[in-house]
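*Asks:* Got a sequence here, can you build the structure:
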Amino acid sequence: MQTCDFAVGTVVPWARPGVGAVATQAFGEPAYGRRVLDAIEQGADAATALAAARSADPDAALRQVGVVSRDGSAGAFSGALCIDHAGHHVGDGYAVQANMAASPGVWPAMAEAFESSGGPLAGRLAAALHAGQAAGGDARGAMSAALLVADDTSTVVDLRVDDHPEPLVELTRLLRSNDAFRAYSRARDALFAGQSAEALAEIERAVTIRPDDENIRFLRAGALLFNNRVAAAQSEIRALIARRPAWQTIIESLASKGLLALPPDLDVDSFLRP
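*Replies:* Okay, here's the model as predicted:
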């Protein structure tokens, strides 16, 4: 979602792993998130869950809500008091909606972009947002944006841009960083599991996205060490220290606590210094 209000991500998006997702907007009412997801979890499809939540809201005419369920069903409504241009579209497994939009082409453009794009869900959602903005977006301008994705077991994307002159540009940048740090986390877990080749492959994916990130470069050094590429690991570590000398204290501490595995013929001083 994107809007000209502050911190849209604190109100509009709701997602529960293995259950579904809700966007409650216009005069957003957070109770829709909890009520709809509870109903889906208890067996209702998206439309039934949304209808029940709507019937419990005396101010439903002010709301605009979209829902997607774990079973692939989707539903949406735009209350009669939503400010023009306002409307929604429900497709196969998705819903888009817009209110106070600069043109009535905003939500159809979002739907078309979502249907025509490929790849991971988060990227398709971002494509829909960019298409909506290209069609006019919020009539008042833009301030904040958010992107929330859950799979069967966990939340995999949870990004918020609370106040920015170009929130979709910043959201797209954060989405790439999210991809990098998910690869970083997989690499770290693989290292702890003794899967050195898998760790190096994952951290190389992260480096491709964020080549200058020091945490990522440090973990790459560790993965290189575990793959017996000592010279390459030394090069990474020395470059880190040259850029930020405080890394030397961190690395020396890790080595002293047995958390940095150096080859038996190499002590930490000779590892760190040319």
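*Asks:* To which secondary structure element type does residue 14 belong?
*Replies:* Reduced to three states with DSSP: H, G, I helix; E, B strand; the rest coil, the structure at residue 14 is strand.
*Asks:* got the buried residues for whatever helix or strand residue 187 lives in?
*Replies:* Of the helices and strands defined by DSSP states H and E, residue 187 is found in helix 167-192. Residues of helix 167-192 classed as buried under the neighbour-count rule (16 or more other Cβ atoms under 10 Å) are 167-168, 170-172, 174-175, 177-181, 183-184, 186-188, 190-191. Quick note: C-beta positions are derived from backbone N, CA and C, even for glycine.
*Asks:* cool, and stretch 73-82?
*Replies:* 73-79, 82.
*Asks:* Among these, name the ones in strands.
*Replies:* Among those, the members falling in strands are 74-78 (criterion: DSSP state E).
*Asks:* What is the nearest of those to residue 129?
*Replies:* residue 76 (16.3 Å; Cβ to Cβ).
*Asks:* which ones are touching the closest one?
*Replies:* 50, 64-67, 88-90, 95-97 (Cβ atoms under 8 Å, 6 or more residues apart in numbering).
*Asks:* Now do the same for residue 274: its pLDDT.
*Replies:* Note on residue 274: pLDDT of 65.
*Asks:* For the contacts of residue 76, pick the one with the most neighbours.
*Replies:* residue 67 (30 neighbours; other Cβ atoms under 10 Å).
*Asks:* Low-confidence regions, the protein specifically.
*Replies:* Within the chain, the stretches with pLDDT under 70 are 265, 274.
*Asks:* hmm, 50 instead?
*Replies:* Scanning the chain for pLDDT under 50 picks out no residues.
*Asks:* domains in it, as residue ranges please.
*Replies:* Domain assignment for the chain, taken from automatic domain parsing, gives 2-164, 180-272.
*Asks:* Deepest in the core, which of those is it.
*Replies:* Comparing these by mean neighbour count (mean count of other Cβ atoms under 10 Å), domain 2-164 ranks first with a mean of 19.
*Asks:* show me the contacts for residue 162.
*Replies:* 6-7, 9-10, 144.
*Asks:* rewinding a little: list the ones among the contacts of residue 76 that fall in strands.
*Replies:* Short answer: these in strands (DSSP E) are 64-67, 88-90, 95-97.
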